[in-house]
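Chemist: let me see the structure of the following:
(chains A and B)
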Amino acid sequence: MKYLLNLDRVHKEYTNLIAVNQISFKVPESCIFGLLGPNGAGKTSLIRIITGITQPDSGTVKFNDQIINSAVNSSIGYMPEERGLYKKMTVGEQLIYLCRLKGLSKADANKSVTHWVEKFEIQSWWNKKIEELSKGMSQKVQFIATIAHNPKLIILDEPFSGLDPINTNLIKDEIIELKNQGASIIFSTHRMEQVEELCEEIVLVNKGKNVLSGPVKEIREKYKENLFQIETDRPINDELNTEWNIVQKLGLSTIIRIKENQSSNQFLSRVINDGLNILSFHEVLPTFNDIFIRTVNEANHE
Amino acid sequence: MSKLGIIISKEYLTRVKNKKFIITTLLTPLGFLVFFVVIFLLMSNESDKKYRVTISDQSKINLTLPSDSKKFSFIKSDAPMDSLKAQYQRGETDAILVLPNFAGVDVKNYTAYYYSDKTLDIEMESKLSNYLDNSLRNYKMQLLSIDKTQLEKIDTKISIDPEPVSENITDHSEYTSKVATMLGGAMGYIIFFIIFLYGAGVMRSVTEEKINRIVEVVISSVSPTQLMLGKIIGVGLVGLTQIVIWMILIPVVYLIGISVSGFQVHDIQQIASQMPQDQLNKAEEIQFVIRELMNLNWLKILSVFIIYFLGGFFIYSAMFAAIGAAIGDDVNDSQSLTMFVSIPILLGMYAMFSCIREPDSSLATFGSLFPLWSPIIMPAMIPFDVPWWQLLLSIVILFLFAYFIIFLAGRIFRTGILLYGKKATAKELFKWMFVKQ
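Modeler: Got it, this is the predicted structure:
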């Protein structure tokens, strides 16, 4: 697999705080990558190092096998968590200005911004000042400002905070489309359901350290507890409890844990033998919420 | 275009296209025109009302009446005071001047009484006191048998004309230093004002970007130093644009004002001819001042003005930018930090006023070289013929210092701009300047 971004033992200390402690991870090309961690874990410090805003004390950040520099910089788009635009500038002027700062010529910037403004159907805002727009509207503008220069790497810090469901979907679709066109998206968030929905790989940072990283599927696989959920037309027999570990029984739905010497097929045939009709049967994977809380708590107790 | 260029042009254009900028830039010279016209109208204003003054002469020296003018007419009356007052009540006269007994040559103070229910205005007062002064003087001369022509020979008008010793120094008139003081003070003050105004503008713009977090996006594209320099240069160019427009517009407006009102320098002479002696001297002085202003090396003065505006602006706006980056989320925090900037610049302003009074003092030499003060003091000193070596040395120091300050401010800027929350303390600022982060 080709990697777009490669962090190798990146370290950054402030006067009395290790913000980033020997963190290494790789972001593949064309990937939605989750950067997770509790508040104050060092996510923003890490993002600032990746975007080249600050320099690490040691370690390297390579983008397409190149050390981050101003040329690489124009291939990165960054949307900070705390949104901000020039209140007194018009939407059009502002987008073109930010695009040109990323190295596009005036004509290219104009073309690209026009394209996105049309795509988001906000042409009528072109001459409006940001202070005249609603919060949701200015977030669309902010998103365009992040991607209008066609970056290969897009860093979105809590992109959905404060968005209504319609705009959330709009941005989500856009993120998936950008990924399909080959861009990688680093996506920093606390909202674990979004991680499950969108991310292919993650890194979980706590107190400046990389405590968990890898593809989302593998991680959930690793953290699975052999739990299965079965739904039947009648409640299952309580006698099963002697042989099988019933974790939870709620009406027609039951969750069991399959022990090492057992298999799910054995359990199913047992239920069928009891004369029950099986409506559904599937493995219960741990939610990312659980994994997040568990990992962070474990790391904190070390 | 380089990224620095893009920032400069954005900072410049958003300001210059702003309505407020256009209005102040164009209205200020018009304000001068209005001021000029109002002064002219006030000077040439003469009311149609004629004042009739009845003089009740009890001095027993038989004074001659003052001559009537457009505004005043005089009648002598021996009627008793009661009947004069009755005349006043009937509106037959506007004022009664009572001249009490005049004892003779030894009188040093003499008080006449002016009866009227209206206030005694300045013009009337000066007219009457001039008249009495002349009349009593003539009467005393008679008593002392002094010949008027002989007396006039005694008076000598004194003026001291400064002359250079060396040949290569321009000859000046006695008004040169007066004019230089006036002009220098005005230039120093204007530069102080512009630097403060636009420097604070840079600070506001930095703070604004920091508070609404756009800065995070911007410095992921350009370096903080580029951003700071772009702002300083962009805003500085706005200030320069305004100054240059004014330098062109003000003389133009002045010329238009002259041609519309028909007012010219020699008109002062005409007005002067109607004035009493002491006012006549003032009018002469105005002519000298104008002549002196015309003789100044304006090219040198204006270029020095622009050079020092730029140097001073770079120094102070870099300091302002650093402060703007160092403050927390509350704009009001800036006040205690702006002291670092306002104290040196205010001291410079006060030092300037002392320097133009004594342009040869060591304070003046120091002030014209010390880079925190020279942007204010040197333009103020330039009408006094500062030696070339001093001017050049001062400019070199100014720009070296500006470079140094921008370097230090850049270090504060790039650290401060990313820190949110509380404002930085002076100790932290110092650490940011000199310790590697």
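Chemist: secondary structure element holding residue 142?
Modeler: No chain in the question, so chain A it is. Per DSSP states H and E, residue A:142 falls inside helix A:135-147.
Chemist: please refer instead to chain B.
Modeler: Per DSSP H and E: helix B:122-143 holds residue B:142.
Chemist: before we move on, what SS does residue B:73 have?
Modeler: strand (DSSP: H, G, I helix; E, B strand; the rest coil).
Chemist: just the mean pLDDT for the helix holding residue A:142, thanks.
Modeler: Averaging the model's pLDDT scores along helix A:135-147 yields 87.
Chemist: distance from the chain centre to that helix, please.
Modeler: Helix A:135-147 sits 19 Å away from the centroid of its parent chain (C-alpha atoms, centre = their mean, to the nearest Å).
Chemist: after it, next one along is what?
Modeler: Assigned by DSSP H and E, the successor of helix A:135-147 is strand A:153-157.
Chemist: which parts of chain A are strands?
Modeler: Counting by DSSP state E, one finds strands in chain A at the ranges A:3-14, A:17-28, A:32-36, A:58-63, A:66-67, A:76-79, A:153-157, A:184-189, A:201-206, A:209-215, A:227-232, A:245-250, A:253-257, A:278-284.
Chemist: for the helix holding residue A:142, buried residues please.
Modeler: A:137-147 (16 or more other C-beta atoms under 10 Å in any protein chain shown). Every C-beta, even on glycine, is put in place using the N, C-alpha and C of the backbone.
Chemist: same question, stretch A:192-204
Modeler: So for stretch A:192-204, counting by 16+ other C-beta under 10 Å, buried means A:192, A:194-196, A:198-204.
Chemist: and for stretch A:209-217?
Modeler: Going by 16+ other C-beta under 10 Å, stretch A:209-217 has these buried residues: A:209-213, A:216.
Chemist: what does stretch A:15-25 give?
Modeler: Those would be A:18-21, A:23, A:25, for stretch A:15-25 by 16+ other C-beta under 10 Å.
Chemist: ok and the residue in the stretch 201-302 of chain A nearest chain B?
Modeler: residue A:208 (17.2 Å; C-beta to the nearest C-beta).
Chemist: helices or strands next to the helix or strand following the helix holding residue B:142 in the packing?
Modeler: The first helix or strand that comes after helix B:122-143 along the chain, using DSSP H and E, is helix B:148-154. Judged by 3 or more C-beta pairs under 8 Å, 6 or more residues apart in numbering or on different chains; DSSP states H and E, the packing partners of helix B:148-154 are helix B:122-143.
Chemist: please tell me how far residue B:364 sits from chain A.
Modeler: With distances taken as C-beta to the nearest C-beta, to the nearest Å, residue B:364 is found 43 Å from chain A.
Chemist: which strand or helix spans that residue?
Modeler: Using DSSP H and E, residue B:364 falls within helix B:362-369.
Chemist: name the helices or strands packed onto the helix or strand just after that helix?
Modeler: The helix or strand immediately downstream of helix B:362-369 is helix B:374-381, counting by DSSP H and E. Contacts defined by 3+ C-beta pairs under 8 Å, 6+ apart place helix B:374-381 against helix B:176-211, helix B:298-326, helix B:334-357, helix B:362-369, helix B:388-416.
Chemist: check the gap between the residue nearest to residue B:151 when sequence neighbours are not counted and chain A for me.
Modeler: Distances taken as C-beta to C-beta, 6 or more residues apart in numbering or on different chains place residue B:141 nearest to residue B:151, at 6.8 Å, with adjacent residues excluded. Going from residue B:141 to chain A by C-beta to the nearest C-beta gives 77 Å.
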